[in-house]
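> Here's my sequence, what's the structure:
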Amino acid sequence: MKTYVIGYFKSKISNFKFAFENDRDFSLFLIVGFLSGISTGINSSVFNNFLNDAYHLSATERGFVEVPRELPGLLIVVVLASLAYLGDVKIATIGMVCASIGMVGLALLSPTFPVMIVFMMILSMGMHMFMPISSSIGMGLSNREEYGVRLGKYNAFCLVATIIGFTVVWIGFKNFNFSYTTAFIIAAVFYLLAGIVLSMMKKSVPHHTKFKMIFRKRYTLYYILCIVNGARKQIFLTFAPWVLIQVFHLDAPVFAVLGVIIALISIFTRTVIGRAIDSKGERFILSIEAVVLFVICIGYAYAADFFSASVALVIIVVCYILDNSMSTVEMARSTYLCKIAIVPTDVTQTLATGTSLDHIVSMSIPVFGGMLWVAFGYKYVFLVAAAVALINLGLSLRIKVIAQK
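Numbering: from 1, shown residues only. Sure, this is the predicted structure:
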């Protein structure tokens with residue numbers, strides 16, 4: 001009886017200790033999301049303006065910048081597999097430190113374009129290391145039935161912090177004469193603080209993962225969707241802000257305001273799109289996305305032809321906000337894969353394969369887009385994007401047929 005009682009209390013103490021450690025580490029993880037979110041808001045507000053003002057890039061040169069910037073995304077699966085023996089927390093810590101080093105380099109050590117490219121790649125590698133690992137850490141600190149709630153809470157912290165980052169840029173540039181150096185240093189500090197907080201968490205169990213890209217006939221439509229989405233996405237990421245900067249001369253504080261608006265709208269769209277995927281299905285959601293993106297592309301292409309400069313600017317800004325607010329549709333491609341997966345173990349590595357295919361396109365499309373802009377004008381870049389949206393619509397309409405096989 002005595003042994004049973006002692007064992008019972010030891011078990012309770014052990015369970016309490018486990019729960020306490022997980023709650024403590026999850027609280028630290030929320031702080032990490034908050035700190036890194038501030039840096040992300042700052043970086044996304046000013047980076048395109050920084051490239052334009054510091055290096056006076058043409059559209060062609062801006063397109064070529066995406067090759068080294070997206071290269072870490074192409075290589076990230078191999079990098080994560082190589083570092084898997086360290087465990088998720090250590091990998092995430094390294095990612096945050098790399099991001100901080102990249103920001104410091106952009107701020108203080110980038111007098112020439114080639115040097116800037118090096119530090120931009122370090123920043124990109126750090127961010128690409130952290131993004132896929134963050135979900136794994138969050139789920140590792142949660143019970144299975146709490147995955148959605150916990151990750152939702154983490155994403156909420158990130159979103160609020162991103163809004164704060166946008167606000168820092170807007171107030172700093174408007175009222176305190178911030179330079180790009182100042183903004184990048186602030187972002188570097190918050191990335192470094194995120195890395196320090198990560199180092200305070202308990203170390204995760206290392207994974208002994210062998211890198212493997214999966215190609216199965218059953219997943220062909222998913223792969224093609226990833227490729228087409230990568231092409232469309234990169235056209236917008238590269239050239240949508242470039243139109244607003246070079247044609248309409250919007251500055252970093254304005255992009256910060258747009259970022260706040262997009263973040264606030266995204267709070268709504270995340271919930272709506274998530275519920276719609278469950279109730280209407282991936283075919284419906286991805287088809288609607290394709291139609292909306294086609295309209296957005298036409299808006300970009302023809303706004304300046306049919307309206308005055310001020311009205312055209314409003315139309316293009318609305319298109320910019322709508323496109324960025326729809327980024328959560330990406331989850332529909334992931335849930336589609338989960339539903340057609342032959343075995344559950346295929347999902348993670350197939351997602352990784354899709355990411356690599358996405359980034360191969362992301363590296364090449366901006367180069368051709370930049371050449372097209374210089375040769376014929378930015379209108380034709382978005383007409384190509386409209387054609388890609390129609391291809392995406394045709395593919396999306398096939399989802400139901402393929403998924404039932």
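> which residues of the stretch 151-300 of the chain fall in helices?
Ranges of helices within the stretch 151-300 of the chain are 180-199, 220-246, 252-280, 282-306, based on DSSP state H, counting those that start in this stretch.
> Ok, which of the ones you listed comes nearest Phe166?
The closest of those to Phe166 is helix 252-280. By CB to CB, the value is 4.0 Å. C-beta: built from backbone N, CA, C; applies to glycine.
> The spatially closest residue to Asn48 that is not a sequence neighbour - how many residues pack around it?
In this structure, Asn48 finds its nearest non-sequential neighbour in Pro241, 4.5 Å apart by CB to CB, 6 or more residues apart in numbering. Other residues lying near Pro241 total 22 when counted by other CB atoms under 10 Å.
> What's the separation between Pro241 and Val77?
Separation of Pro241 from Val77 (CB to CB, to the nearest Å): 28 Å.
> okay but Val197 is in contact with Ile31, surely?
Yes: between Val197 and Ile31 there is a contact under CB atoms under 8 Å: 5.2 Å.
> So between these two, which is more surrounded?
For Val197 versus Ile31, the count of surrounding residues by other CB under 10 Å is larger for Val197: 21 against 18.
> quick one, what contacts the more buried one?
Residues counted as contacts of Val197 (CB atoms under 8 Å, 6 or more residues apart in numbering) are 28, 31-32, 35.
> Take these and keep only those in strands.
Among the contacts of Val197, DSSP state E puts none in strands.
> Most neighbours among the residues you listed, which one?
Neighbour counts for those, by other CB under 10 Å, peak at Val32, which reaches 27 neighbours.
> what residues are up against it?
By CB under 8 Å, 6+ apart, Val32 lies in contact with 92, 96, 194, 197-198.
> residues in contact with the residue sitting nearest the centre point of the chain?
Closest to where the C-alpha atoms of the chain average out (CA atoms, centre = their mean) is Met131, at 7.4 Å. By CB under 8 Å, 6+ apart, the contact list for Met131 is empty.
> Give me the pLDDT value at Lys12.
Predicted confidence (pLDDT) for Lys12: 40.
> If you average the pLDDT over stretch 241-260, what comes out?
Averaging pLDDT along stretch 241-260 gives 94.
> got it, and stretch 157-177?
Taken as a whole, stretch 157-177 has a mean pLDDT of 94.
> ok, and what's touching it?
Contacts with stretch 157-177, where a contact means CB under 8 Å, 6+ apart, come from 30, 33-46, 178, 182-183, 186-187, 251-253, 255-257, 259-260, 263-264, 266-267.
> any idea how far that stretch is from the chain center?
Relative to its parent chain, stretch 157-177 has a centroid offset of 19 Å by CA atoms, centre = their mean, to the nearest Å.
> And stretch 335-351, by the same measure?
21 Å.
> Name the residues of that stretch that come out as buried.
For stretch 335-351, a neighbour-count test (16 or more other CB atoms under 10 Å) marks 336-337, 340-341, 346-347, 349-351 as buried.
> what about Val160, distance to Val260?
With CB to CB as the criterion, Val160 and Val260 are 11 Å apart.
> returning to what we had before: dump the helices of the stretch 151-300 of the chain into JSON lines; add distance to Met363 as well.
Below are the helices of the stretch 151-300 of the chain laid out as JSON lines (distance: least, CB to CB, whole Å):
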{"stretch": "helix 180-199", "distance to Met363": "24"}
{"stretch": "helix 220-246", "distance to Met363": "8"}
{"stretch": "helix 252-280", "distance to Met363": "24"}
{"stretch": "helix 282-306", "distance to Met363": "21"}
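> ok so, going back, just give me the closest of the contacts of Val197 to Leu237.
Relative to Leu237, the closest of the contacts of Val197 is Leu35; by CB to CB it sits at 24.0 Å.
> which residue ranges form the strands in this structure?
Under DSSP E, the chain gives no strands.
> Need the worst-confidence member of the contacts of Val32.
Out of the contacts of Val32, that is Ala92, at 92.
> That one: what's it in contact with?
Listed by CB under 8 Å, 6+ apart, the contact partners of Ala92 are 32, 129-130, 133-134, 137, 198.
> same deal with Tyr223?
Tyr223 touches 215, 353-354, 357, counting by CB under 8 Å, 6+ apart.
> What separation do you get for Gly354 and Val367?
From Gly354 to Val367 the distance is 22 Å (CB to CB).
> Between those two, point out the one with more neighbours.
Taking other CB under 10 Å, Gly354 and Val367 do not tie; Gly354 has more neighbours (24 against 17).
> Please verify my assumption that the more buried one contacts Val228.
No: using CB under 8 Å, Gly354 is not in contact with Val228; the gap is 11.4 Å.
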